[in-house]
Every structure is written in C-alpha cells, then in structure tokens.
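Undergrad: below is the sequence, then the predicted model.
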Amino acid sequence: MLLRNLVDFEDLTRAEWEALYESCSRIIERPSDFIDTCRGKVACNLFYEPSTRTNFSFQAAMLRLGGSVFGFADPNSSSVAKGETLKDTVKMVSGYSDVIVIRSPREGAAKAAALYSNVPVINAGDGGHMHPTQTMTDLTTITRLRGSVDGLSIGLCGDLKNGRTVHSLIKALAKFEGIKFYLISPRELSVPEYIRIFMKENRQWNVEVTNLDAVMPQLDVLYMTRIQRERFTDPLEYERNRGVYILTKRKLERAKERLLVMHPLPRVDEIAPDVDDDPRAVYFQQAQFGMYIRMALLADLANQEKKAPAPVPMGGHRRCGNPSCITKDEWYLPPLTKRIGEVDYCAYCDKAVGERAEQ
Amino acid sequence: MLLRNLVDFEDLTRAEWEALYESCSRIIERPSDFIDTCRGKVACNLFYEPSTRTNFSFQAAMLRLGGSVFGFADPNSSSVAKGETLKDTVKMVSGYSDVIVIRSPREGAAKAAALYSNVPVINAGDGGHMHPTQTMTDLTTITRLRGSVDGLSIGLCGDLKNGRTVHSLIKALAKFEGIKFYLISPRELSVPEYIRIFMKENRQWNVEVTNLDAVMPQLDVLYMTRIQRERFTDPLEYERNRGVYILTKRKLERAKERLLVMHPLPRVDEIAPDVDDDPRAVYFQQAQFGMYIRMALLADLANQEKKAPAPVPMGGHRRCGNPSCITKDEWYLPPLTKRIGEVDYCAYCDKAVGERAEQ
Amino acid sequence: MLLRNLVDFEDLTRAEWEALYESCSRIIERPSDFIDTCRGKVACNLFYEPSTRTNFSFQAAMLRLGGSVFGFADPNSSSVAKGETLKDTVKMVSGYSDVIVIRSPREGAAKAAALYSNVPVINAGDGGHMHPTQTMTDLTTITRLRGSVDGLSIGLCGDLKNGRTVHSLIKALAKFEGIKFYLISPRELSVPEYIRIFMKENRQWNVEVTNLDAVMPQLDVLYMTRIQRERFTDPLEYERNRGVYILTKRKLERAKERLLVMHPLPRVDEIAPDVDDDPRAVYFQQAQFGMYIRMALLADLANQEKKAPAPVPMGGHRRCGNPSCITKDEWYLPPLTKRIGEVDYCAYCDKAVGERAEQ
C-alpha cells in the first residue's frame, strides 16, 4: 500500500480500502500463513487514555503477526506521558519501534505525532474526533458477512447525537453505493445537523425514526449503541425511552433472517444477553474482525522503511480555538489549516478556525 | 491430552496427570526443544485480582514456549474488568487469543469463563476455591526430586485451617498410595472438619500434632505455610506459637538427609533465611517447577483447535447462597448444580446449595 | 565477553568496553542479522521505581533481538516488590528468566541482586549511585558520530553538582586519552569536590566556567543537563541563571560544524525546540544508540549459561551508614566492604563506612 500513516479513514480511497480488506481476508482465511509477517518488528502503543479493548485488539494483532509490543496503557502509569512533549516522546519511541499506535483524549494527536515520527503512526482514537480502525472494523464485519456493503439497509440505533462511532460510519459509507440509512433514536439524541448536511451533500438516502420495532423488518444491518442516562436533560424522559431502544430476542422475531446485529462494545443493557445466541448477533465476531483488520494494517505499516520526516516549522501565535485540540497543549506545533470552500479548518482537529483563533 | 480446560485438579485422572508430568519432564530436560512449541500462539491473562508470582509464572511459561501474552494484571488498571460482564470479556478475548488464564476473587469464575470461551481456560486461582496449578507445582516438585509421591511421609506445617494450598494438596494426594500425613499446627489452626472427613473417606493415614520438632525425623517432605497474626483470637497466643512453627537451620539438624522443605511463597519469617543454602530447601526450585508444569499445560491447551461452546441457557432465579460465588454478580449464569449423595452442590463454587438458595 | 553482570561501568576494562562497542556497531549496521539472537530467551525487568524511558529502551532492545520480557514497571503495581525480600524475588525470577534488569531507588541494589541470581544482572540505575547503561549510551553516541572519544573537547553544561549522569561520564572518560572538559554551570551548581579530586588524580584537563556562550566555539561535544529551580537556595538566582544555560538556535551559530549536542532526556526547556532540526542536535539519536548498546549487552548476557551463585554468608550486625544503601532494608545482606587506601567503602553503595557504621 501507499499509506504511510493511518490518521483518518477519509484519507483512504475506496480502492485503497479494498486492497486493505483483501489483505485482511487472506489473513482470516489462513492466519497461520502470517505468523512471521512482523517477525523482528516492534510496535509502540502509546495510550494517553485507557482503552483496554482497543489496546488488546492492537496487541493481539501485532502478536499474531509474530511481532512484539511495548508501551503504556494508561498515562498515569508512565512518566513519559506526563513529563515531556508529545513530540519528544514520539521522537524517542520512533527510534525504538517500527510502528506507533496512539490513543489520546486530544483531537488531532495522531496527526501531530505523524509530523515527527520516523515510523508510521496509527490513530487508535483521538478524543471525539476520529477512530478509523473502529470504522474499518465495522466495514470489515459487514463486507465479510454480507459479501458487500453496497445496497444495504442499515439501521443506526441509540444515541446518534454523541457517539463518534456512528458519525464516522456514516461518513465512511459515503464511499459506497445505494445504502439506505434508518436513523433510530429519541428526538433529543438524533444526529447532529452537520451529519444531516453531510448526508444530503452525499445523497445518502435516510429516514429518521423514533421506533426500532417499526423499521426492524426493513433492516440488513442493525448497529446498536448505548444511551447514557446523563445525556437526557429530563431523567423521566430517559426512563420512558430506555426500553424502546433495548434489543431483545422478541424484537428480533420480525427481523430478516440474514440481519446483522452489531455493537462497538462494551454493551451495558442495550442488547439483552438472550440475543447473544441468535446467529444474527455478530458483535463478538465484529470484535474479532477488528483484530484481523488491524493485523492487515500492521502487516503493511510495520514493514515500511523508516525515514526521518521533513523538518517541521515551529508553532507561531495563531491557534485553533477548540479547547480539546492537541494544539492547545503542544504549543510548538505549526498552526496548520486546510481550506474547504470559504472556511479554514484546523488540520489537526478539523474544527473551523474562524474568529475564535487567537492572534 | 483430552483436557479442554483446567478448572479443577480433581478433573484429572491419575493417568492424565502422569501424562502431563511426563510432558513437563521432557521440557525440564531439554527446554531448548520447546522454544517454538507455542510459536504464533497468544495467551490472554485476565487477573481480576493481582497475583504477581502466579502471573509471572504463567507469562514466563508462555514466553519460553515461543508464545506471547497480553491481558491485565490488576482489575483497577483495566476498564474491561469493571465495565462489562465476565461473559462479554471472555467472548471478546477468546476471539483474540488461543488460551485464557483467569485469576479471580470470585469462586467458580474459571468454570463460568469456560462456558463462554472458544479457547481453553486455565484456572489461576478462584478465590478460596481452587488453584490447580499450585497443586501441580507441588506434585511436580515432589515427583521430580523424590522419583515418586507414593509412600512418602509428608508434613504440612503452619496454618492448616485457612490456606487453600494445603487443602488442595491433601485432596490431590488421594490419587496416590501409601502417603502418611503429619498435620503440624496450633490447635486453633488445625485442618477443618471437612478435610478430616475427606481423609477418613479416602483412608489417608494422618496424625495431628502441635510440635514440628517432634515429628521432624519422620518426614520426607515438610510443606511450610505462613501463620498470620490476625488468624489468632488472642494475640498472646500468636506470640507463644510463633517460634514453634518457624523453621531454622538448627531444627533441620534432626531431619532426614533427603527431606524436601517446600513453601508456596512468598514467605515472611516462617523459614529463616539461613535455611536457604541447605540443599534440602527446595522452595525456589519449586517455583521454577511451577513454571515448567505450566509450560506443559500451555503447550497442550494453547495448541488445541478453537471451537464455539454449546449455547448456554440464561440464568434463572435460583442462586447459590455463597456470597463469594461467581453467580452472585454474574446473574445471567445458568444455576448449575451437581448432586453428590443427597446434597446439591453449586457447580461453580462447590458449596452445598440447600435452603439458602433464593427462590 | 567475560562479563557476568553489569553493575558498574568501572568494572569494564577499556578493551572490554571496546569489544561491546564493536558488537553494538555490528547491530547498528545490520540490525536484521540479530532478530533471532535472543530467540527463546526471556528478560525479567524489575523496576522498583518507575523509569519509563529506561524501561522502554531495555524492552525494545530485548524484543528486537527476538527475546521477550516480563516484569513490573512500578513497585506499586506489584505485590512482589512490597511483600518479600529482594533476595527472594531475585531467587524466584532467576528461575524464570535468562537475565534480570533491575532499577531501584536503593544504592547497591543491583550488586545485592547479583549475589543471589542464577542469571546475569544488569543495573538499570540504583538511586544516585550508578546508571552504567546511560554512560554506555553516551560513549556509544560520541564514538559512533565522531569516530572516537579520544582527544575531544567536551562541554558539560547545567547542574553539575547533582546529576549522576555527568559524574559517571567524567569517570568513564578517564579510560580515554586527551579529553578536555569544559565544566559550564552556575557557581552554586558546580561539580562536587570529589569529582575535582578524581579529575586531578586522573590528570583530566578541565576548566570551570559560568558562561556557555564563551566556550561554545571550542566544543566538540556539548552535553546539556537540566537545572531544577529547587536546587537554588535563592529563587531570584534561579531566574537570573536560567537563560544562560538554555541552548537556542542562536547560541549554536558560533559552534563548530561537527559539534554534538547531547542530552540524557527528558528535557524540559534547557534546549529550545528550534534546535531539534539542526543536524548537530543528536539527543534523539542518542536515545536510539542507548537501545543499540543495550541490545549488545543483552545479546551477550542473556545467552550465558545459568549457574547457581556461591552460597552467601548471612548479614551480621555491622552496617553501612548510608541511609539510601540497599543494606538498610535488606538486613540479611553480608556487610561487604572494599578497602581503598586507608578507607573502607561499602561494597554496595561505595560510601565510606567509617564511624557511622553501627556496631
């Protein structure tokens, strides 16, 4: 592949994604052919916030390729995470490793890391911004179990307002054809306006409903997400809504026989455990597909040549106004922007820069 | 081997144990023949309570076989341990790994995990219930250093009332012939009644004494355990008893030349450090034998085929009354029991179910 | 090599060091030749105080040789670190591993560990005492980038009073010829008297100055260290001094073209980030050389035969008076001393024993 870093799923063309998926398929079919693919290679996992599932998935992926892993799983357990700039940490560990996997609460952290690294950088989640390997996990699951993503009716259910996973999936699916979206959520938690605009611009067929039962028979995929009590302004409203968005064995009775029930995990109570033994419940397989697509990614990136990045200009005075942006703490970062239409967006966190930017 | 999981040492026949021991012996004799036995295999160590020694032993065992390990060493460092059911965690990690090693403060946790896992599960200690690889460590040490366990005089010294290790060893030794037990403890800390009954039913020769010195010359094996101050109702009683159960170089003068002094470690002061250089002190070798027997076990289990477990019925209302039983927190577990004589026992924690079970 | 343990860099002759450096050079030139050098070997990293950078460097080194690593990164995460003597921990893990890497806040801990270990022990820093692999890192960097250490003009800048790194480097450089030292520090933080005596006895050319700018044109190597605010009795003095010892792009204008700017990392603000892209800034390369020299060391030590150490006499009553010495907590250690001239020094921490020793 030509990919050097994986910061944002949007960076991939559909053809690049398909090449990666093909590589993943070969691994799924004959995993024992790949146990030496990363022999002698070392990944460094920098987890600036704990995320055990993602970390396990990346670790298992690297180990199954015959590679090895070091790093930290939690910033509190590491002086590196606290005592120095992201740049210095990345400079150091890119001398020790063949690929860096970074998770951070700061939006744009992976992009910032890639500026300074001698080795490829993978974004394992940067705040509310991006989590591209989750999107890849979702696409792999659908493609593997349904043959293709094109033309499917996909229900997204639960909290569609917050929830990076769902937004990323909608954006990623713009690369595919003929998809129908059923957006199933309480009114208070429907998709944000910018997603509506995105869907309109990309001519993505969609309908917003509040009732899971009503659309169940239409769906090829049902993607469940959790509704957190604290998202509701009125607790009574939460209690009223709860049951509507809980998937049970009974509700599945009206579903198609080849439906895929998906969930990014962990679940709390939004899918009753009696659903687990239904063959349509694929969320545990989904987690495993997540490991396989990460294997495909690591197999490619960890085997690339090391090369020093181009010199990076020092940060000036102008800053992105987003308080969660990586540029807030890491002052030396150059204030990169990208212009889309008439608006400048921060190249790290993708927020409009506008008037909030400091002088 | 035919073993799929290792939950309880009692599940093994003597013949199965001997096959495992033979495999362990081959590893001890030519460890370098086994450095690729688990190549490409990955263990997941789920430690729901910290136990550094056991964890190190399992990790070293897997690594020496050419395998690799991921997991958590402490539930506080992992959102997995806190945020989801045991079932969901096991379902997830059994998609990433070839064998699961589980340690838990909950009795029956390993058995519960095995219900849902696609890969073999090893019990690395489940509360006060079982710790089968410790028993295997003890048997390996004796067999390796004395040629056989049959016919030996074995002293068990210290706190025989509490202490899963000693109880498990007594039960395991029922598989062997002609063993004489010297049960050496303060009266307050003698073996519990159910162990006395077990020994009687299994015709295990035994005598209870309060004085280590008196029986020293008889012993082939002296298994030391720690006496904790807080086990005594009267602190003065503790002070009076302490010295009696401390092993010193001087006390060893009257012991047999081929005595084995064993200890599950860590020791506090129950064996004076000047004993360490005596060739009869084998507790550090014992720790190493623990690693070797775990290698034999992992070599077998990590190389088995993955297979989805049979569907598990959902938990009903009836529960085991034991507050430490895994069924207490994990409500979805089916309320499995096994009948022995007239009594129903919980199949997870082995406590009698009886009238305390909820309706 | 003949080396069994690496406790102190002073234990190596210049010839031994050069052999190790040669081995390191071969690794740097063709790292892929060494990916199986430690295949089947396991390192145990015992970090009794966190030191993420050193730990990462040792882990990456072992993993790149095809070996593997277990251990703890922080004593608080391990019952082993708290619940038993250093001796018992070392005895146990030396049965599981091929080499032990130990970091401790106690001076002499590595030496103590080596007394009881069946496998080689590497000192990864013992309090304020020794950190021999840091010294090796520094020498490797200079030798690799300048061809040789002999005859260079070396500036040591910052806090020269505290700072084990600088003192160790001065001592190590006594093995080389024709070196000129420029000792650049505020008067309050100049080198301690015993270093002055050492330099005099070893005929090491040196000059003490307070101004970095003044000597810049003379230097072949500039070794920067951090000045901590709390080292100054007068905070105003700190503010006055700060800027003088901060390296900027501008200050480098007067430096030689082949100067090496070094730093043990992490830096805070003693080197401005705009220096990083200057080809003379080699501190990130230095970190990578640290990994390579550790690879050379591990390749040698992890492949040695295991052998039980000679029996160690029990500790008596006499003790080293140094409150940071390992003998303070580990009472069973024999009170070893070494006589230099008329003075007895503790063989663990190298402090004079003298009258403070208890009876």
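TA: Arrived safely.
Undergrad: who's in contact with the residue of the stretch 151-300 of chain A at minimum distance from chain B?
TA: Using C-beta to the nearest C-beta, A:Q288 is the residue of the stretch 151-300 of chain A that sits closest to chain B, at 3.4 Å. C-beta here means a position set from N, CA and C on the backbone, and glycine is covered the same way. When the contact criterion is C-beta atoms under 8 Å, 6 or more residues apart in numbering or on different chains, the partners of A:Q288 are B:95-96.
Undergrad: secondary structure element holding it?
TA: helix A:283-301 (DSSP states H and E).
Undergrad: and the next helix or strand past that helix?
TA: Of the helices and strands lying after helix A:283-301 in sequence (DSSP H and E), the nearest is strand A:337-340.
Undergrad: and that following strand, what does it pack onto?
TA: Helices and strands touching strand A:337-340, by 3 or more C-beta pairs under 8 Å, 6 or more residues apart in numbering or on different chains; DSSP states H and E, are strand A:343-346.
Undergrad: the strand it packs on: how far from the chain's middle?
TA: From the chain centre to the centre of strand A:343-346 is a distance of 22 Å (C-alpha atoms, centre = their mean, to the nearest Å).
Undergrad: buried residues in it, which are they?
TA: By neighbour count on 16 or more other C-beta atoms under 10 Å in any protein chain shown, the buried set for strand A:343-346 is A:345-346.
Undergrad: list the buried residues of stretch A:339-359.
TA: Quick answer for stretch A:339-359 (16+ other C-beta under 10 Å): A:345-353, A:357.
Undergrad: and which of those is nearest chain C?
TA: Nearest member of those to chain C, counting by C-beta to the nearest C-beta, is A:Y348, at 17.3 Å.
Undergrad: pretty sure the closest one contacts A:G108?
TA: Yes. Applying C-beta atoms under 8 Å, one finds A:Y348 in contact with A:G108, separated by 2.6 Å.
Undergrad: now do the helix holding A:Q288: distance to the chain's middle.
TA: From the chain centre to the centre of helix A:283-301 is a distance of 12 Å (C-alpha atoms, centre = their mean).
Undergrad: kindly report the residues of the stretch 1-150 of chain A close to chain B.
TA: A:32, A:35, A:50-53, A:56-57, A:59-60, A:63-64, A:66, A:68-69, A:73-74, A:77 (C-beta under 8 Å from any C-beta of the partner chain).
Undergrad: give me the buried subset of these.
TA: With burial judged by 16+ other C-beta under 10 Å, the buried subset of the residues of the stretch 1-150 of chain A next to chain B is A:50-53, A:56-57, A:59-60, A:63-64, A:66, A:68-69, A:73-74, A:77.
Undergrad: from those, list the ones also adjacent to chain C.
TA: For chain C, the contacts drawn from those by C-beta under 8 Å from any C-beta are A:68, A:77.
Undergrad: backbone dihedrals for A:Y332, please?
TA: phi -80, psi -10 (degrees, to the nearest 10).
Undergrad: contact residues of the stretch 251-359 of chain A facing chain B?
TA: So far as C-beta under 8 Å from any C-beta goes, the stretch 251-359 of chain A lies against chain B at A:265-268, A:273-274, A:276-277, A:284-285, A:287-288, A:291.
Undergrad: the nearest residue in space to A:V191 that is not next to it in sequence: what's it in contact with?
TA: With C-beta to C-beta, 6 or more residues apart in numbering or on different chains as the criterion, A:V191 has its nearest non-adjacent residue at 4.6 Å, and that residue is A:L160. Counting by C-beta under 8 Å, 6+ apart, A:L160 makes contact with A:166, A:183-185, A:189-191, A:225.
Undergrad: likewise A:S32?
TA: Counting by C-beta under 8 Å, 6+ apart, A:S32 touches B:G40.
Undergrad: now do the SS call for it.
TA: At A:S32 the chain is in helix, as set by DSSP: H, G, I helix; E, B strand; the rest coil.
Undergrad: tell me how far it lies from B:K41.
TA: 10 Å (C-beta to C-beta, to the nearest Å).
Undergrad: so what sits against both of those two?
TA: Shared contacts of A:S32 and B:K41, defined by C-beta under 8 Å, 6+ apart, are absent.
Undergrad: okay, who's weakest in the buried residues of stretch A:339-359 by pLDDT?
TA: Lowest pLDDT of the buried residues of stretch A:339-359: A:A357, 42.
Undergrad: nearest residue to A:L46 other than its sequence neighbours?
TA: Spatially, and ignoring its direct neighbours in sequence, A:L46 is nearest to A:I102 (4.8 Å; C-beta to C-beta, 6+ apart).
Undergrad: how big is the angle separating the helix or strand containing the one you found from helix A:283-301?
TA: Element membership for A:I102, per DSSP H and E: strand A:99-104. Put simply, strand A:99-104 runs at 130 degrees to helix A:283-301, going by axes from the mean of the first three to the mean of the last three C-alpha atoms, to 10 degrees.
Undergrad: next SSE after strand A:99-104?
TA: Strand A:99-104 is succeeded, C-terminally, by helix A:109-116 (DSSP H and E).
Undergrad: name the helices or strands packed onto that next one?
TA: In this structure, helix A:109-116 packs against helix A:86-93, strand A:99-104, strand A:121-126, with contacts taken as 3+ C-beta pairs under 8 Å, 6+ apart.
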